[in-house]
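Student: Next come a sequence and a model predicted from it.
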Amino acid sequence: MSIAKTFLEWPVLRQLREGDFLGRGPAVASERTKSLTPRTVEADRVAKSVCPYCAVGCGQKIFVKDEKIVQIEGDPDSPISRGRLCPKGSASEQLVNNPTRQTKVLYRAPHATEWTRLSMAEATEMIADRIIETRARTWQGTDDEGRRLNRTMGIASLGGATLDNEENYLIKKLFTGLGAIQIENQARI
């Protein structure tokens, strides 16, 4: 390509030549830019969701191609975020597509140096057994003066801000039903 032709294709000269003085029209787009297509155009479907990172609940549009998430953008229909996402929300596609993401249950026994893989059923049983044992061992039915307590001080809950209202409601009911009184949420701290 000659120097003159290169010079004449400079965006500022195209702006002047085409009357796009503010540089907001097609005069400032290069041929390469004009040939690009967004990843969202080729998506098979779009699912709506809520960002998993904090308690704000920003709406997301999740673009799926061949059953793989290819892009996540803010949902303009969301009354909360109106199409905007913070940097973490914008990068949440990496949360599911990261090749180093753990997808199996890992357990390291006390004093062990290695992790072992457990099935979800084994892990769930282990957690349930420990909750039942701890509740039984630390249960306080009455205080020293015979007043009814019906509580355990051996179980506490610290919820995360990524949980939605329904999940927090169910967790609160579960731990209250177990007799725990130390129930807190990271969003309040």
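Tutor: Nice, I can see it.

Student: Which helix or which strand is home to Arg117?
Tutor: If you go by DSSP states H and E, Arg117 is part of strand 116-118.

Student: what does the helix or strand following that strand rub up against?
Tutor: Sequence-wise, the next helix or strand downstream of strand 116-118 (DSSP H and E) is helix 120-138. Here helix 120-138 makes contact (C-beta atoms under 8 Å, 6 or more residues apart in numbering) with 105, 107, 118, 152-155, 178-179. In short, each C-beta sits where N, CA and C put it, glycine included.

Student: what helices or strands is whatever helix or strand comes next after helix 120-138 leaning on?
Tutor: Later in the chain than helix 120-138, the nearest helix or strand by DSSP H and E is strand 139-142. Judged by 3 or more C-beta pairs under 8 Å, 6 or more residues apart in numbering; DSSP states H and E, strand 139-142 is in contact with strand 148-159.

Student: Could I get the buried residue list for the strand it packs on?
Tutor: Residues 151-152, 154-155, 157, 159 are the ones in strand 148-159 that count as buried (16 or more other C-beta atoms under 10 Å).

Student: give the contact list for the closest residue to Arg108 other than its chain neighbours.
Tutor: Of all residues not flanking Arg108 in the chain, Trp115 sits nearest, at 5.0 Å (C-beta to C-beta, 6 or more residues apart in numbering). Each residue near Trp115 by C-beta under 8 Å, 6+ apart is listed here: 106-108.

Student: from memory Asp66 sits against Asp44, does it?
Tutor: Yes. Using C-beta atoms under 8 Å, Asp66 is in contact with Asp44, at 6.9 Å.

Student: okay, and the helix or strand of the protein with the least pLDDT?
Tutor: Ranking every helix and strand in the chain by mean pLDDT, DSSP states H and E puts helix 3-8 at the bottom, with a mean of 64.
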